[in-house]
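sequence unavailable; structure follows:
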């Protein structure tokens, strides 16, 4: 790497002016002062870094710092943080409105909206402003790392640090490398996330990374089961919760996330995989979004919601048919919501590992922490039996030909036993 650093026209602040005396950490920059950016800034400051939070919108970064202060105060009220520590964390965060106000940082994390052109412009500017030893990270959940690094002259230092919302609470961080990312930067970033108290998992820049890729069948199978009339939404959700141990059913979860948000992520994975039938969005979800039934935030999605956000039990279809559920579970895989969902989750996870995009352990860790699944899909596959899963997926492929249910060869090649 080139070790020369070109100084910008505007003078920089001395990082020592921002850093707490005795801090073993270098400064961190966070670009984007929305919920994710502010949360990441709080995490970094809590870990001891001097943090500069940048947002081009006038006053946005300063307002975010005030929100962080309020969040810290709530932690103090709950006894989770001392008042002195909260004050110290708050003082470590400085708002700014331009990238050239950043000091020389050990790490800069971009957390702006999912707009490739915007991200490219930011990374090109950061590459000119920051030393070549600075790790340049994106919090993207769906955009290819190499595409973001397209205008960067030294793309080996560009990687993904995909935090989960809310960053101060969620332990998982996907450390994502592009084809041109240097291994040393990946290892450094993963070690830093561990020092921040997070659990890093490594993966390549595959569409959806680990969590958003492997989770697609959890939503898609439920939508197809309801769409085909096998069972209603409440019954499917009941089966996945009560029989599968998932904290939320897939249909209530998409209402919680937002049908539009979930559809956008699924569509992005579908597009990035060349419109692979395995990830095709359902007409069921498209119709919800087109009708403005976005879930809790709009008052109606799969379910109808009362003013307090709870499901309105007076609306037909909000109660599960437990008798039907008991008949379906343990029956043919095509009509068993639990077996069908688990088979497809295992199939997807096995495929990802077989392609070398992440390790089996990292896949299981990511799905447990990122989605709160009771077990990782590889662990589930070993428990069910990969040969059993292979037969189940083959049955689904026979029942619904077209490519969605093609079994992964890795289910039967013995590589994951």
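Good, I have the coordinates. The structure presented is a predicted model; accordingly, all values stated were derived computationally and were not measured.

need the phi and psi values for residue 413.
phi -90, psi 0 (degrees, to the nearest 10).

neighbours of it, just the number please.
12 (other C-beta atoms under 10 Å). (C-beta placed from N, C-alpha, C; glycine too.)

OK, contacts around it?
Residues near residue 413 by C-beta atoms under 8 Å, 6 or more residues apart in numbering: none.

how much space is there between it and residue 319?
The gap separating residue 413 from residue 319 is 44 Å, by C-beta to C-beta, to the nearest Å.

partners of the closest residue to residue 301 other than its chain neighbours in the sheet?
Using C-beta to C-beta, 6 or more residues apart in numbering and skipping residues adjacent in sequence, the residue nearest residue 301 is residue 295, 3.5 Å away. Bridge pairing for residue 295 (DSSP bridges) gives the partners residue 300.

show the pLDDT at residue 295.
At residue 295, the model reports a pLDDT of 97.

repeat for residue 316
The model's pLDDT for residue 316 equals 76.

now do the same contact list for the residue nearest to residue 301.
Contacts of residue 295 by C-beta under 8 Å, 6+ apart are 254, 255, 256, 257, 258, 259, 301, 302.

spatially nearest residue to the third one, not counting backbone neighbours?
Right, the one you point to is residue 256. residue 296 (5.9 Å).

any idea how far that neighbour is from residue 163?
In terms of C-beta to C-beta, residue 296 sits 22 Å off from residue 163.

same question, residue 182
With C-beta to C-beta as the criterion, residue 182 and residue 163 are 22 Å apart.

okay, the two: which has more neighbours?
For residue 182 versus residue 163, neighbours defined as other C-beta under 10 Å are more numerous around residue 163 (24 against 17).

beta partners for the more buried one?
residue 173.

please apply the same query to residue 96.
residue 54.

now for the nearest residue to residue 211 once chain neighbours are set aside: which residues touch it?
Spatially, and ignoring its direct neighbours in sequence, residue 211 is nearest to residue 370 (4.0 Å; C-beta to C-beta, 6+ apart). Neighbouring residues of residue 370 by C-beta under 8 Å, 6+ apart: 164, 170, 172, 174, 210, 211.

so which residues of this structure form strands?
28-31, 51-54, 93-96, 107-110, 135-138, 158-163, 172-177, 199-204 (DSSP state E).

which of these sits most buried?
Of all the strands of the chain, strand 28-31 has the most neighbours on average by mean count of other C-beta atoms under 10 Å, namely a mean of 31.

which helices and strands sit right next to that strand?
helix 35-46, strand 51-54, strand 107-110 (3 or more C-beta pairs under 8 Å, 6 or more residues apart in numbering; DSSP states H and E).

still on that earlier bit, can I assume the residue nearest to residue 256 is in contact with residue 257?
No: Residue 296 is not in contact with residue 257 according to C-beta atoms under 8 Å; the separation is 9.1 Å.

farthest-separated two in the contacts of residue 370?
170 and 210 (14.1 Å; C-beta to C-beta).

what's stretch 397-405 in contact with?
So stretch 397-405 is contacted by 276, 277, 278, 280, 334, 344, 393, 394, 396, 406, 407 (C-beta under 8 Å, 6+ apart).

which among these gets closest to residue 229?
residue 334 (12.6 Å).

where does pLDDT dip in the chain?
1-25, 417 (pLDDT under 70).

walk me through the domains of it.
What automatic domain parsing lists as the domains of the chain is 15-204, 213-411.

give me phi/psi at the nearest residue to residue 146 once chain neighbours are set aside?
Distances taken as C-beta to C-beta, 6+ apart place residue 178 nearest to residue 146, at 4.0 Å, with adjacent residues excluded. Dihedral pair for residue 178: phi -90, psi -180, per degrees, to the nearest 10.

residue contacts, residue 178?
Per C-beta under 8 Å, 6+ apart, neighbours of residue 178: 144, 145, 146, 149, 155, 158, 159, 204, 205.

which among those residues gets closest to residue 42?
residue 159 (21.3 Å).

which residue, other than its chain neighbours, is closest to the closest one?
residue 181 (4.8 Å).

where do the helices sit along the stretch 301-417 of the chain?
Taking DSSP state H, counting those that start in this stretch as the test, the helices found in the stretch 301-417 of the chain are 322-328, 337-354, 360-371, 377-384, 386-399.

in a markdown table, list those helices along with distance to residue 49.
Output for the helices of the stretch 301-417 of the chain, formatted as a markdown table (distance: least, C-beta to C-beta, whole Å):
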| stretch | distance to residue 49 |
| --- | --- |
| helix 322-328 | 50 |
| helix 337-354 | 32 |
| helix 360-371 | 23 |
| helix 377-384 | 34 |
| helix 386-399 | 44 |
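
hey, which of the ones you listed is tucked in deepest?
helix 337-354 (a mean of 25).

just the angle between that helix and helix 360-371, please?
130 degrees (axes from the mean of the first three to the mean of the last three C-alpha atoms, to 10 degrees).
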